[in-house]
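1. Predicted model and sequence below, questions to follow.
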Amino acid sequence: MEGNDAPPDSSLPCDDFLQFTKLLAVWRKEDDRVRHQLNTLLPTASFQAKLDFKKTCDTFLQQMLANHDKRNRSIKYCLAKAAGRLDELKHAEDNAANEDRHRLVRSVRKQQLLVCPNRIALHHRS
């Protein structure tokens with residue numbers, strides 16, 4: 001991350017992949033509802049004189065961009081956290097006794113499944 005190790009939101013469920021993906025789905029619904037939100041914000045012709053369209057649209061755009069930024073920072077933060085956990089597991093695997101190594105190998109593989117595909121997807125989105 002760009003030098004900022006603080007989470008964008010203190011309630012981010014980075015350690016629970018399923019909960020994190022559910023949270024992202026909720027955040028993405030806002031993007032899916034853009035047309036509805038604009039129709040709600042911008043009135044019909046009979047009420048046009050009472051509204052500053054530029055200000056309303058600017059406010060809407062700034063909120064939408066802030067939501068995108070929060071979502072992207074959250075994804076990057078959780079990926080960095082998962083990558084750190086992966087490094088810890090690899091280090092523990094290297095230093096583990098034979099009886100613990102099998103359990104750690106499974107943990108490393110599981111963590112890799114979370115980190116690697118998500119980094120690739122994030123890279124392609126950029």
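-> Structure's in. What do you need?

2. biggest helix in this structure, by residue count?
-> Of all the segments of type helix in the chain, defined by DSSP state H, the longest one is helix 53-95.

3. which helices and strands does it pack with?
-> Counting contacts by 3 or more Cβ pairs under 8 Å, 6 or more residues apart in numbering; DSSP states H and E, the secondary-structure elements packed against helix 53-95 are helix 17-32, helix 34-41, helix 98-125. Quick note: C-beta positions are derived from backbone N, CA and C, even for glycine.

4. Which one, of the ones you listed, ends up nearest to Glu88?
-> Go through these one by one with Cβ to Cβ and the one that ends up closest to Glu88 is helix 98-125, at 9.1 Å.

5. Quick check: phi and psi at the nearest residue to Leu23 once chain neighbours are set aside.
-> Here the nearest residue to Leu23 in space, its sequence neighbours aside, is Pro13; by Cβ to Cβ, 6 or more residues apart in numbering that works out to 6.6 Å. Note on Pro13: backbone dihedrals following degrees, to the nearest 10 are phi -90, psi 60.

6. pLDDT score for Pro13?
-> Among the per-residue scores, Pro13 holds a pLDDT of 87.

7. I am finished for the moment; much appreciated.
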